[in-house]
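Asker: Give me coordinates for this.
(chains A, B, C and D, ligands or ions: 4)
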Amino acid sequence: MLTFTIRRLILAVPTLLFISLVIFLLLELAPGDPMAQVPLTVPPEVKEKMRLALGLGEPLHIRFWKWLVQFFWIEPQVLVDHIFGTSFSAGDLRVISWQTRSPVMDIVIQRLPQTLWVVGTAYVVAILIALPIGIYSAYKQYSWFDQLGTFVSMVGFSVPPFFSGVLVIVIFSVQLGWFPSIYDTTHKVTDWDSFVVQLRQMIMPVMVLALQITAQLSRFMRASMLDNLNQDYVRTARAKGLGEYVVVMVHVLRNSMIPVVTVIALGIPSIFGGAIITEQVFKVNGIGQLLIGAIEANDLPMVQTLTFIFAVLIVSFNLIADVLYGILDPRIRYD
Amino acid sequence: MLDQPIASIRGLRVEFETKDGPVVGVEDVSFDINPGETVCVVGESGSGKSVSSLSLMRLVEFGGGTIAGGQLLFDRDGSQQDLAKGDAGLMRHIRGNEIGMIFQEPMTALNPVFTVGRQLTEGLRLHKGLDKAAAEARAIELLKEVRIPEAERRMKQYPHELSGGMRQRVVIAMAMACEPRLLIADEPTTALDVTIQAEILALMDRLKRETGTAVMFITHDMAVVAQMADRVVVMYRGNKVEEGPVTEIFANPQHDYTKALLAAVPRLGEMRGKPFPEPMKLLGQEQTEIPPIAGTNEVLLNVENLVTRFPVKGGLLRRTVSNVHAVEDVSFKVFKGQTLSLVGESGCGKSTCGRSILRLVEPLSGKVEFEGRNILGLSPDAMHKQRQDMQMIFQDPFASLNPQMVLQDQVAEPMKNYGLASGSEVMDRVANLFDRVQLPRSFMRRYPHEMSGGQRQRIAIARALALNPKLIVADEAVSALDVSVQAQVLNLMMELQSDLGLSFLFISHDMAVVERVSHQVGVMYLGRLVEIGPRERVFENPAHAYTQALMQAVPIADPTQRKSERDLNFKPIPSPIHPLSYEPDPSEYIEVEPGHFVLTTDSGY
Amino acid sequence: MTEAVKIEGPQKTGITAEPEKPARSQWGEVWSQFKSHRGALIGGILFLLIVIGVVFGPLVYWNDAKYVPTGRDFIKLRDMRPIYHMLFDPSAKMDWAYPLGTDNLGRDTLARLMFGGRVSLAVGMAAMVLALLLGTLVGVLSGFFKRLDGMLMRLTDLFLALPLLPMILVAAVLFRESLALSIGPEAGVFVLIVCLIGITSWMPTARIVRGDVLAIKEREFVLAARSIGTRPSGIITRHILPNVMSPIMVSATLGIATAIITESSLSFLGFGFPPDFPTWGRLLNDSVDRMVLYPERVVWPGILISLTVLSVNYLGDGLRDALDPRIRGR
Amino acid sequence: ERGADGQVNIIYWQAPSILNSFLSGGTKDIEAASLVIEPLARYNSSGEMVPWLAEEVPTVANGGVSEDLTTITWKIKPGILWSDGSAFTSEDVKFTYEYCTHPEGGCAQLTKFEGVKSVETPDDLTVVVTFEGATPFPYGPFVGGESPILQKAQFSDCMGARAPECTEANFNPIGTGPFVVEEFKPNDVITFVANENYRDAAKPAFGRVLFKGGGDATAAGRSVLETGEFDYAWNLQLAPDVIASMEAAGKGTAVAGFGPLVERIMLNNTDPNPLLDADKRSVVGPHPFLSDPAVYKAMSMAIDRPLLVEIGYGKAGKVTCSWVPAPAVYAVEIEGCDTQDIAGANAMLDAAGIVDTDGDGVREKDGVPLKILYQTSTNAVRQDFQALIKQWWSEIGIETELRNISGSVFFGGDPGSPDTFQKFYADVEMYANTFNGTDPQSYMGNGLCDKAPTPASQWQGENISRFCDEQFDAIHAELSATADMGKRVELAKQLNTIIMEKGGMIPLVHRGRLSGKANTLGGVDLNVWDSELWNIADWHRMN
Ligand SMILES: Nc1ncnc2c1ncn2[C@@H]1O[C@H](COP(=O)(O)OP(=O)(O)OP(=O)(O)O)[C@@H](O)[C@H]1O
Ligand SMILES: Nc1ncnc2c1ncn2[C@@H]1O[C@H](COP(=O)(O)OP(=O)(O)OP(=O)(O)O)[C@@H](O)[C@H]1O
Ligand SMILES: [Mg+2]
Ligand SMILES: [Mg+2]
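Answerer: Ligands and ions are numbered 1, 2, ... in the order given. As a prediction, the model looks like this:
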């Protein structure tokens, strides 16, 4: 297992380098201009000067190299400095966003909490809802509960968040006035009251996101449970005189969770990646909103860095999923 | 109390709800099990054996069945309680506690993600109210009772870390854990090797004697019945057709079905004195008389020093760190129109040997000459052509047919691959092949799942015959079949051999079958042939220690010739995995009799 | 996340006594199995109705989806309510000639729904087919050929990491003009959108198919096929593909939904069909602003998308069962 | 009293990304920064210049501007302090000039300092700006929200190439304005607190400002007008019926103000045929049919401008046929602008011999069918306009193909993209444009022949329609040399008329800015000539 992990980690390096190159080239090819948001009243010559000041005049490979150095060499130093109070990175130029002229990583770090709060909570909520639903619908296959579950999850799957999001805003903010329609990212949880405020502002985005995730996860859970409910060992467990609860919730569940856990792990990068549309609708302004804003403003360093971080997450969670599989399923032995 | 049966099944009827309406699994079955006795339930696949036993535990309900009629009386402190009407709580109390159950498949009957210890202690803690430590102590005791070495260590292992035999022992220990008064064993040895089977049977016998448990033993193997049973219940299509003491049933069967069943069982030693194989006489079937098959002395296939190893990769760079020595320096000859059988325990390299000859796995070195041509040197295209002459039949008729293709297409596929026929001619030939393997032509459009195991195996044979091969490698071709069906398929193969002059490389672990069909026998152990020679010689005069042990283990379908545990002496097979640096010695043989060779160098046994 | 959802019925134990039913033609059996699946039948009929509605509806319906009334008509005809509105508000502006009302520019809603359905369904199905083809191809290749496996799986990682929006923009730069010139602007955009959705959504399918192929490759019938001289291409097409149909079907049903929704987010992001070319997603998206005033404008496209997805899902369930001879035989 | 009214919540659906107006030309950034940093003088809501940090606006009359129009002398109000407590001096003003004109700085407001020769500081409170030549309108530097003053002490290490390294300064500039940045989360939210050192002890009435960004106009409008979570929402580009339904909730109202912003259809004066090669496409003229006055006049006549206003902008729009509709003196009236005349348009085309010869419903001119590709950026109102105009044009025998392009590509100057508005690979395109301040001279330069975008100029250039007229160029040259106000107005009106008559563009709607404010928010005075938040010091809570 350890060598498997190490080997995959080593293999990940060229993969990621290649991915970063592809992302870089793709973004270079994509049309768009960091000056698009500058009003038309600013004349082209001035815009051209602004572009040069951003370093756009340099050839492609130099910019790629610079980015690599900044991302892999300087940014880690900054992190080290930050933790240990050293000053390795002093004076080095970090990856600078074109929009804000500030280090990209600082903004990413700033955005992470709200994304994790909202998308992460939604993910957790979805898991908490989806698993029991999946388990029960598999146990009572073709019952009305199962049929209803299928129906609801299909509807949940097919309703786009730009619709469901606005719908809950209209109902719960505008009509009922229960929850705020705009997420306050400056809010800090210090005591019970502020926690309640935080809960209130999280409920709607979490609801919308969780609906989609639940829909998919519960399908998975159901399928996996069905696979296992017919296995011989279930009969053995029953023949021992174990109660139905123990049979299903201990013996079957433990086996069914193996594929589901890896699916859950594979979905985790998307938590960090944020939920673009939902964040837009509720003004959560997390990573997803940062990415879409950066793409619209053609802020290449930001987009590159974000997509690359995302790629790193995807590759690592693929690996984590594999390792988890090996840990959860004693039959699997990687070497 | 002794005069009263511990369990008695009265007029049991079980139905299953399916899409096409109700299916009757068991129609009308009644029999008793007395304390301390072993009742064997025999019958062909699908006759309702498992359903009856599951009904007794009230486990059929979880598979979609309902007990539609009858009583399941179970003796509890002198009073007869009808389990068919028992509530869930009562059943949970009885299951595992008063009735224990052993299932057929040791591979799947244990939960793969829990340790052996955990699964063993579960029932103890539930029924006996033991705490963790006490339950573990008891579990270790149980493991020792079923003679599992290093019981303490096994407790922390996962099922897949144990061999099949050990797993089955764990299952037995689990069933015995709460000292049930009735033990139901549903084909507990069918999936196991002869040697392991012998051990398990002996173990169960001993446990039964020591604890006085009544046993309901389900099997379709008459030899096992002869070994184990006090009384026998014969089932056929959901009904009990005959019941009686074991000697009575074997000596004097009454029902036609029982007679047919017994006739189909090959018995070790039956062929004594007959140099050539001959088909079995089956009851209730029209048979053309086939004389013993002599074959020729022309060499068709000549295998010399065949070595096949599988690399085991490891380390950071995925380099080969060691090798599985699956086939090690094996040499033999197959003659035209004759059958060479390879026998041996699971994992000894029989299948790999067969596959290497067809180059379905690439051998490392050696020489495989087919009609004088060295096959190992052929280019892929030439090999493709060569395969026309060499075909294979696989063990599992359920797995070796594509579930998504109709049968005629599967049989026609080899002809299409080689462009042997086109258009309507293909279908004509397919139809002829169906006739050849005695399947009705109306089956041509069916799917594999619509066939019984025996029928499927015939399809596999028809597919192998489609190219008119000269050699067929039959890898455990009959192991998965019911005795009666097995006999039919064996007869079919022999008939084809005598008609078409086919040669077979017959791979099996069933000594009785091997005795029936082969001209030559090779015994494999750990990748090497330890003994090879004419069938008669090898069976009557086994020279190698391993062969002798193997012969000893085979149960004989005769209740008068029971074996006791003392006769058995087996060692676990050592690992065939060796580091790269390992250089095996060449195999050397001495000829003990004409044509009968025995390995003299170290075989690992 | 949209990985396989395997649904399997209880397994049959034992073998039934020889089935002696008359052999029927293969498609006849498929059909009879399909018929017996109630959900699938309803789903199939519904889907057929939707398809018929959007394909033939515009031919028989009297209003044109793109027609904008001018002059005085404009004020009269815009913002008409659907006729069922009569039930609770008889004074609302409505007209029997416009059964589902009109939008803020006076375009007929029903006509736009039908026209939009054509586009959405076409995009959804074409993109789904493309994604399936790609996913299956990659999945089968990497599952079957060990040498390709590592590379193809890393390629899958790469595509998972690629951001959609820049890809769209690149594609627009590279291909839109030339496609528009050769096959016309609308067809050009159609091809582009289908390709884009296709190449950004094949990855889950590939993963699932690869897993299944890895398992099936080890089954004995594949070895058997090799021993009777079937070449790798034949093994893949005849033996492996039919046996991975069921996860592919599941991906397919989910794929249509994703494709329809992705198309709508594309127009949300300013890339897609010409603005006067309605699709369900776009209708939904454009009406969200007026959700409170004119709920029917969001509800109808929303319902249609959900209905399509649901019906396709049930249809897929039934088809999968019907195509699998093991289930069919039960 | 300062801080007495608590917190005011402002929402901008485009989030500010930086608070240094010189590093970003974006309106959102400039307006957010205007709470902190201020210019010497700015425009009030009626477009008049008012002194801000200066004592008075220098003019020739009061001697602040030299007779030869080459220097302007600003007198700074005494006693102004930076928010850190240090004194605001003329050195800061001079530094700001140097900061922006540094050759490597990429300053967005460089045009403000165009023609400036030097900036002198005779004493702490005097700034003398010298121009290279006579400058009739010397109010570029240090006037208006785009040209505020930075603190020298804070930015002296951030000149030129080092500008982006000063994140702290760019995010938290020290200013003289009523508020100080407390926390800045780029592209998300800014919190401000009242400036303790603000020059007017009683202001601002609000102690805190929460400045939220992101989302879309609908959500912003909803949060002010419907749910009342926010007090002020910027630039509600929403259809009037949507605004009206939101206002019905009674929480707030939409306020409009009009600057020179005009939504127009630009006519391509060159041939955009896709079959032409890249160096010729949209470069060589003339257009096969749009060059015919009958065609573009008919197209203009077919448009129902009042309806467009009603559909798209409501009270934030006015019918116009003028390129420069504001300040009002420059606007020209064109007859028939506010009525649709399809019959007249058809007659005009028939008269010009442009008729449908092959019976397909589309007219041909010299065998070329009148088929138009009509592109614009992605935006709900623009797409509605496209649909309507397409219908109207179809009624005069012109077939239209519509295309919408994401704003970030359309308005981005990427020479690699075929979809930018500068490349104009279409027959007509629609967008809005305006100018800063009140003087249209340089804006009207957008009609000059040599400002047409070409491959040679990397497709840069403001003359999007590639309009080229000798008479226009001559009048513009004259305008540049004229100082007399009356004469300037006269010349500008002539330019305004020429570009319309000779096929440069079809103006559609004079657009105002529409912002939403809560009913409880007082002191809002919507200013379209400067930052909308120009007088935030006067905002207060009403009951
Ligand atoms: N879950 C089920 N659903 C439908 N029919 C079933 C089910 N389980 C068993 N049957 C039917 O009941 C009959 C008896 O099956 P059973 O499993 O008892 O056979 P068996 O004698 O144990 O055979 P084998 O030797 O193959 O185990 C068979 O015809 C089978 O088709
Ligand atoms: N593809 C393979 N890769 C690695 N090891 C293999 C492979 N196939 C077989 N082996 C190993 O080679 C040895 C011989 O296997 P083989 O299947 O030939 O045994 P067998 O005698 O046919 O056993 P059985 O009776 O169980 O079929 C075993 O140890 C097995 O684990
Ligand atoms: Mg059974
Ligand atoms: Mg084998």
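
Asker: mind giving me the domain split of chain A?
Answerer: With automatic domain parsing as the criterion, the domains of chain A are listed as A:38-97, A:109-328.

Asker: Out of those domains, which is closest to chain B?
Answerer: Closest approach to chain B among the domains of chain A (C-beta to the nearest C-beta): domain A:109-328, 3.6 Å. All C-beta atoms are positioned from the backbone trio N, CA, C, and that covers glycine.

Asker: Quick one: mean pLDDT for the closest one?
Answerer: The pLDDT scores in domain A:109-328 average 83.

Asker: end-to-end on that domain?
Answerer: Taking C-alpha to C-alpha, to the nearest Å, the span from the opening residue of domain A:109-328 to its closing residue is 32 Å.

Asker: Quick check: A:Val119 is in a helix.
Answerer: Yes. Under the criterion used here (DSSP: H, G, I helix; E, B strand; the rest coil), A:Val119 sits inside a helix.

Asker: Pretty sure B:Leu72 sits in a helix.
Answerer: No. Counting by three-state DSSP, one finds B:Leu72 to be strand, located in no helix.

Asker: number of nearby residues for it?
Answerer: Around B:Leu72 there are 21 other residues, counting by other C-beta atoms under 10 Å in any protein chain shown.

Asker: Please apply the same query to C:Met151.
Answerer: Neighbour count of C:Met151, defined by other C-beta under 10 Å: 13.

Asker: ok, and the closest non-adjacent residue to it?
Answerer: Take C:Met151 and drop its neighbours on the chain: the residue closest to it by C-beta to C-beta, 6 or more residues apart in numbering or on different chains is C:Ser142, 7.9 Å away.

Asker: Pull the number of nearby residues for the one you found.
Answerer: Residue neighbour count, defined by other C-beta under 10 Å, stands at 25 for C:Ser142.

Asker: where does B:Val334 land in three-state SS?
Answerer: Here B:Val334 takes the strand state, with states given by three-state DSSP.

Asker: which residues sit in contact with it?
Answerer: B:Val299, B:Leu300, B:Leu301, B:Asn302, B:Val303, B:Leu340, B:Leu471, B:Ser503, B:Phe504, B:Leu505, B:Gln520 (C-beta atoms under 8 Å, 6 or more residues apart in numbering or on different chains).

Asker: Whichever residue of chain D sits closest to ligand 2: what's it in contact with?
Answerer: Closest approach between chain D and ligand 2, counting by C-beta to the nearest ligand atom: D:Gly416, at 53.3 Å. Contacts here follow C-beta under 8 Å, 6+ apart; on that basis D:Gly416 touches A:Leu29, A:Pro31, C:Val173.

Asker: any idea how far the nearest residue to B:Ser479 once chain neighbours are set aside is from B:Asp221?
Answerer: Leaving aside its chain neighbours, B:Ser479 sits nearest to B:Gln395 (5.6 Å; criterion: C-beta to C-beta, 6+ apart). If you measure B:Gln395 against B:Asp221 using C-beta to C-beta, to the nearest Å, the figure is 17 Å.

Asker: again, but for D:Ile265
Answerer: Plainly put, D:Ile265 is 91 Å away from B:Asp221 if you go by C-beta to C-beta.

Asker: Show me what residue of the stretch 101-250 of chain B gets nearest to chain C.
Answerer: Across the stretch 101-250 of chain B, no residue is closer to chain C than B:Arg237, which sits at 6.3 Å (C-beta to the nearest C-beta).

Asker: what's the burial count for that residue?
Answerer: The local packing of B:Arg237 (other C-beta under 10 Å) involves 15 other residues.

Asker: which ones are touching it?
Answerer: Applying C-beta under 8 Å, 6+ apart, the residues contacting B:Arg237 are B:Glu27, B:Gly46, B:Ser47, B:Gly48, C:Ala17.

Asker: Go again with 6 Å.
Answerer: Contacts here follow C-beta atoms under 6 Å, 6 or more residues apart in numbering or on different chains; on that basis B:Arg237 touches B:Ser47.

Asker: For the nearest residue to B:Glu298 once chain neighbours are set aside, grab the count of nearby residues.
Answerer: The shortest distance from B:Glu298 to any residue that is not its chain neighbour, by C-beta to C-beta, 6+ apart, is 4.5 Å, and that residue is B:Lys336. Residues near B:Lys336, counting by other C-beta under 10 Å, number 17.

Asker: Check the spacing between B:Lys336 and C:Pro90 real quick.
Answerer: The gap separating B:Lys336 from C:Pro90 is 97 Å, by C-beta to C-beta.

Asker: before we move on, what about B:Thr339?
Answerer: Noted for B:Thr339: a distance of 93 Å to C:Pro90, by C-beta to C-beta.
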